[in-house]
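Student: Fold the stuff below for me.
(2 chains, ligands or ions: 2)
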Amino acid sequence: MRLYKKIENMEKQYDVCIIGAGVVGNAIARELSRYHIRVAVVEKESDVSMGTSSRNSGVIHSGIHYKPGTVRARLNVQGNAMMSHLCRELKVKIQYIGKLTVAQDEEDIQTLHSLKEQGEANGVPGLEILDAAQMQKIQPGVGGIKALLSPSTGIICPYGLAIGLAENAHANGVDFYLSHEVSHISANGHGFRVRTAAGADLSCSVLVNAAGLYSDRICRMLGITEYSIYPCRGEYLILDKRLQGSLNVLVYPAPRKGGAGLGIHLTNTVDGNILIGPSNEYVDEADDYACTAQIIELLKKEGHELLPWLSTSDFIRNFSGLRPKQMPPEVKGFKDFVIESRKDVPGFINLVGIESPGLTCSPAIALMVRDMVAERLPLREKSSFVAERPGRVGFFHELPPDEQAELVEQNHDYGEIVCRCEQITRKEVLDAIQNPLGVRTVAAIKYRSRAMMGRCQGGFCLPRIVEILQKDFGYRPEDYILNSAGSRLFAGSVR
Amino acid sequence: MNTIKHDVVVIGGGPAGLAAAIAARKSGCKDVLLIERDKRLGGILNQCIHDGFGLHKFDEALTGPEYAQRFIDEFNSLGIDSMLSTIVLSVDGKRNLYVSSRKSLTRIEAGSVILSMGCRERTAGAISLPGTRPAGIYTAGAAQNFINLQNIMVGKKVVILGSGDIGMIMARRMTLEGAKVEAVFEILPYPSGLARNIQQCLNDYDIPLYLSTSVIEIHGKERVTGVTVAGTDKNFKPIPGTERHVPCDTILLSVGLIPENELTRGAGVQMEARTGGAGVDDTFMTGVPGIFSCGNVLHVHDLVDHVSDEASLVGEYAVRYLDGEIKPPESYIKIEPQQGVRYVLPQKVSGMRDFTLSLRVTTPSRDRAVWVKDGDRKVARKKMIRLHPAEMIRINIKKEKLQGAKVLEVSVE
Ligand SMILES: Cc1cc2nc3c(=O)[nH]c(=O)nc-3n(C[C@H](O)[C@H](O)[C@H](O)COP(=O)(O)OP(=O)(O)OC[C@H]3O[C@@H](n4cnc5c(N)ncnc54)[C@H](O)[C@@H]3O)c2cc1C
Ligand SMILES: Cc1cc2nc3c(=O)[nH]c(=O)nc-3n(C[C@H](O)[C@H](O)[C@H](O)COP(=O)(O)OP(=O)(O)OC[C@H]3O[C@@H](n4cnc5c(N)ncnc54)[C@H](O)[C@@H]3O)c2cc1C
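Tutor: Numbering: from 1, shown residues only, chains lettered A, B, ... in the order given. Ligands and ions are numbered 1, 2, ... in the order given. Next comes the predicted model:
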């Protein structure tokens, strides 16, 4: 079984190669697909968005947290403003639900005022300091004496955005090389040769490093040694949808001195779950996504404090993501994003340390990179570019009953529920199986259809999805792969 | 959208739903409809191809499908209506249902509703297992589905976490199919499954069962490569120094069942934290008039025989409700679990009829009695040689014993 759609003739010429199919690489690819240039994205995993881009809080930040004048502050506000239009085009779920940053004492109130000032300097709209009564109106039960309301803070489906960008880029002509880990790069003054462990050999005149946690390694392949990435893990617990109504807005504590992240808090997701997290620990490996007993316990404790009516069966899963920090554990703190067109390696556009709020910034980063590309290549707009991705926003079960009834009449696959917890239909599962990028893993079905993501975590629907793959797509037991070549689901037939 | 009406609507076609529908029909209701999301009736029994079903009810050791078939035959011979491959999406407090099938989306107005949706298995996420999330982690029931219904072998070197019945049954099944089952690890100091399964599924196959031991970390980036286990103390915390590594490629979880009550909650029914099911009275009616509950969705049973018995009563009550014979009394007699008792069911009774009290104890013990008291007055007492949380205890109580009672307290003494 192949993990990816085969691209005939592995020796190919491109104008631009992008290393990394996270939300940043995909946003760049999608932006460049508007123009008459040949673009490829090279990704080591079997699917797009398997790294940091699917392992975060999914918050579209407003931009109050970063110093005016930094790249990060500018791109955050710009990216936030671009997001709603982009999501409409790509059929990605987004909700601008707003955020309260809550003060517990006088010192915190000072922090709120400086955050407000900073935010306003960055161009964040609608900031307001609320008193306790006003806070209670927005989020009954919230503790604290004052809060800063940022109405432009939103929540988004992060992998939905990354996948949407990639599929739209692909529809507009971008090639995706999945399961291709870049292993060698050579620069010859006017271009690059990029080779992958799986045997692809690509040449390009502009090379973009959007390799996230591995961006320092890509740099080193080109002799650039000044950057190091220190992975810093954030663990989360996911809560059952039953608790959906508990939270109307995002509620964060006012940041205190010495904190590296934004603190453990509750975040609602666009699909109705609540996340508790993220924690903050440096780890050694850039793929160490293990969850730990200590943090799980800590998160549960915090969860019970924030939502006293939590029960043990409300925890449905845990996961972790890694922040690509530029600051080593001894130093901590933030460093600005590196987004540079290298003078010493002409044609190399280098992105390093795109940690939070990289998801929010991604469309703005894409514009910045486009301008850098334009300095080296003529960019002519294609009339054939299609900005709209087909389909609809959200899931079948979110439609009004009459519309659902009509769709079932038109296509009976909508009437068959495959995933009971999330009420995902057979039609949606089939669409995910036949995804445009041709990814053939079980995880690909999960991230696209949301089947297996509910409270029973596939206990019910995995057997059904396996049956569909076997009956309709001819899978044998050894063909089922979770997410990478070594992650076989089964050992074979019983007899 | 199409709207139809039915007198009694049963949700779920497992043993509970089947027995309830049959009883409703036999109680004189001609308009009973059973809705099942699977393509066949029988519920979870379809994948339980081992024997041991029906020992109490039929005095025979049947396989799951054989046991189910007896009810399916009766269901069919009575000509009861059913909708298969049809899922109930929602129920509201006025007994309106939305159901979906490949043909259509339909609204149903029901006179009374019987909830018999069964339960689901607790997952790795629910018990928050530390470590990585590679391929090779399955709930025992999902593995049972793959092996028994789809001829797919989930792995070769297996560790089982939790000593629930399904896990033990799968330990035997995997062994018979050539896998090596390394061990069963149970965090509690006693097994959570039935004694007969420990003998027939583990001891007979030399599969070790380690009590007060838990998996504290999963290893493997792509496929499971092993687990770290450790002994646990009274508070279920790992004891330092007892860790050891057990190589394996598969982890099966048998760590408990959760009644599947999303529809129930959606209907506004008051839930019971102790059972994970609806709170019910002695007619198995929930807090919402006309909505009844039975089987594993009400409380997790160890024996299907009891499920069938319970559901038969519920079918009859659902019909009598339609006939106006069942009305909530002016005040209920509460039933409260006390020392040594994990839960009781029903949680309140009218005092107007005989009923069977179901309960589970908190810890294993020997030579004790279960007492049901009204203040100092003995209402019932059941002497038992062996008490175990895995085994549901049932006590029949006559209405004569309930006169004047306000609260019944149930305890192990
Ligand atoms: C815990 C946490 C919470 C966060 N919360 C938020 C938030 O709420 N809001 C927000 O805006 N941002 C948030 N972020 C930040 C955001 O997730 C990241 O900034 C963003 O996802 C970065 O995207 P990326 O494409 O740069 O990186 P990635 O998603 O990591 O993509 C890089 C890709 O490059 C691939 N790659 C690496 N090396 C190679 C190679 N040699 N060959 C081929 N491919 C390679 C990787 O496999 C990967 O797919 C959070 C981050 C973390 C860790
Ligand atoms: C693996 C396993 C092994 C067991 N071994 C034994 C044994 O050896 N001996 C013994 O006596 N007992 C055993 N039991 C216990 C016994 O099988 C159960 O107690 C019994 O099956 C419970 O019956 P039920 O009808 O409540 O639930 P189920 O059998 O689970 O039936 C519920 C039905 O409802 C349907 N349903 C749920 N939601 C909806 C919806 N929204 N719309 C439509 N339909 C829906 C489901 O598809 C299912 O068919 C075992 C149980 C399991 C799980």
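Student: Any part of the lowest-mean-pLDDT helix or strand in chain B near ligand 2?
Tutor: Averaged element by element with mean pLDDT, DSSP states H and E, chain B has its least confident helix or strand at strand B:51-53 (a mean of 89). Yes: applying Cβ under 6 Å from any ligand atom, one finds that strand B:51-53 is in contact with ligand 2 at B:Gly52, B:Phe53. C-beta coordinates here come from the backbone N, C-alpha and C atoms, glycine included.
Student: Find the closest residue to ligand 2 in the stretch 51-200 of chain B.
Tutor: In the stretch 51-200 of chain B, the residue that lies nearest ligand 2 is B:Gly118 (2.3 Å; Cβ to the nearest ligand atom).
Student: ok, now which ones touch the closest residue in space to that residue that isn't next to it in sequence?
Tutor: Leaving out its chain neighbours, the residue that sits closest to B:Gly118 by Cβ to Cβ, 6 or more residues apart in numbering or on different chains is B:Asn296, at 4.7 Å. Listed by Cβ atoms under 8 Å, 6 or more residues apart in numbering or on different chains, the contact set of B:Asn296 reads B:Gly14, B:Ala16, B:Ile44, B:Gly118, B:Cys119, B:Leu257, B:Pro259, B:Val307.
Student: how many other residues sit next to whichever residue of the stretch 51-200 of chain B sits closest to ligand 1?
Tutor: Nearest residue of the stretch 51-200 of chain B to ligand 1 (Cβ to the nearest ligand atom) works out as B:Arg133 at 15.9 Å. B:Arg133 has 22 neighbours, counted by other Cβ atoms under 10 Å in any protein chain shown.
Student: and it, how far is that from A:Leu178?
Tutor: According to Cβ to Cβ, to the nearest Å, B:Arg133 and A:Leu178 sit 20 Å apart.
Student: List the contacts of the most far-flung residue of chain A relative to its centre.
Tutor: Of all residues in chain A, A:Arg495 has its C-alpha farthest from the mean position, at 41.6 Å, by Cα atoms, centre = their mean. For A:Arg495, the contacting residues are B:Asn151, B:Glu177, by Cβ under 8 Å, 6+ apart.
Student: which residues sit in contact with A:Arg88?
Tutor: By Cβ under 8 Å, 6+ apart, A:Arg88 lies in contact with A:Val393.
Student: Doesn't it belong to a helix?
Tutor: Yes: counting by DSSP: H, G, I helix; E, B strand; the rest coil, A:Arg88 falls inside a helix.
Student: quick one: strands adjacent to the least confident helix or strand of chain B?
Tutor: Partner strands and pairing direction for strand B:51-53 (DSSP bridges) are strand B:62-63 (antiparallel).
Student: Counting neighbours, what do you get for A:Ser383?
Tutor: 6.
Student: does it count as helix, strand or coil?
Tutor: coil.
Student: Domain parsing of chain A, as residue ranges.
Tutor: For chain A, automatic domain parsing gives the domain ranges A:11-52+A:159-228+A:335-374, A:93-156+A:230-325, A:396-479.
Student: Worst mean pLDDT among these?
Tutor: Note on the domains of chain A: lowest mean pLDDT is at domain A:93-156+A:230-325, with a mean of 91.
Student: does ligand 1 sit close to that one?
Tutor: Yes: Domain A:93-156+A:230-325 is in contact with ligand 1 by Cβ under 6 Å from any ligand atom, via A:Gly234, A:Pro278, A:Gly321, A:Leu322, A:Arg323.
Student: Now do that domain: distance from first to last residue.
Tutor: Using Cα to Cα, to the nearest Å, the span of domain A:93-156+A:230-325 from its first residue to its last is 28 Å.
Student: So is it next to chain B?
Tutor: Yes: judged by Cβ under 8 Å from any Cβ of the partner chain, domain A:93-156+A:230-325 comes into contact with chain B through A:237-238, A:242, A:287, A:289-293, A:296, A:300, A:311-313, A:315-319.
Student: ranges for the strands of the stretch 301-413 of chain B?
Tutor: Taking DSSP state E, counting those that start in this stretch to define them, one finds strands in the stretch 301-413 of chain B at B:333-337, B:341-345, B:348-349, B:355-361, B:365-374, B:377-387, B:393-397, B:407-412.
Student: let me redo that: the stretch 251-400 of chain A
Tutor: Here the stretch 251-400 of chain A has its strands, by DSSP E, counting those that start in this stretch, at A:265-268, A:274-277, A:281-282, A:315-325, A:338-341, A:348-352.
Student: Rebuild those strands as JSON lines, extending it with mean neighbour count.
Tutor: Below are those laid out as JSON lines (neighbours: other Cβ atoms under 10 Å in any protein chain shown):
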{"stretch": "strand A:265-268", "mean neighbour count": "21"}
{"stretch": "strand A:274-277", "mean neighbour count": "24"}
{"stretch": "strand A:281-282", "mean neighbour count": "16"}
{"stretch": "strand A:315-325", "mean neighbour count": "23"}
{"stretch": "strand A:338-341", "mean neighbour count": "18"}
{"stretch": "strand A:348-352", "mean neighbour count": "24"}
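Student: quick one: contacts for the closest residue to B:Ile198 other than its chain neighbours?
Tutor: Closest residue to B:Ile198 apart from its sequence neighbours, by Cβ to Cβ, 6+ apart: B:Pro191 at 5.7 Å. Residues in contact with B:Pro191 (Cβ under 8 Å, 6+ apart) are B:Ser163, B:Ile198, B:Leu209, B:Leu211, B:Ala390.
Student: All the helices of chain A, residue numbers only.
Tutor: A:23-32, A:71-90, A:106-122, A:132-138, A:158-171, A:215-221, A:293-306, A:358-374, A:401-410, A:426-433, A:442-449, A:461-473 (DSSP state H).
Student: and these as a markdown table, adding distance to A:Ala198?
Tutor: Listed next are these as a markdown table, based on distance: least, Cβ to Cβ, whole Å:
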| stretch | distance to A:Ala198 |
| --- | --- |
| helix A:23-32 | 18 |
| helix A:71-90 | 28 |
| helix A:106-122 | 43 |
| helix A:132-138 | 51 |
| helix A:158-171 | 19 |
| helix A:215-221 | 16 |
| helix A:293-306 | 35 |
| helix A:358-374 | 26 |
| helix A:401-410 | 40 |
| helix A:426-433 | 23 |
| helix A:442-449 | 18 |
| helix A:461-473 | 23 |
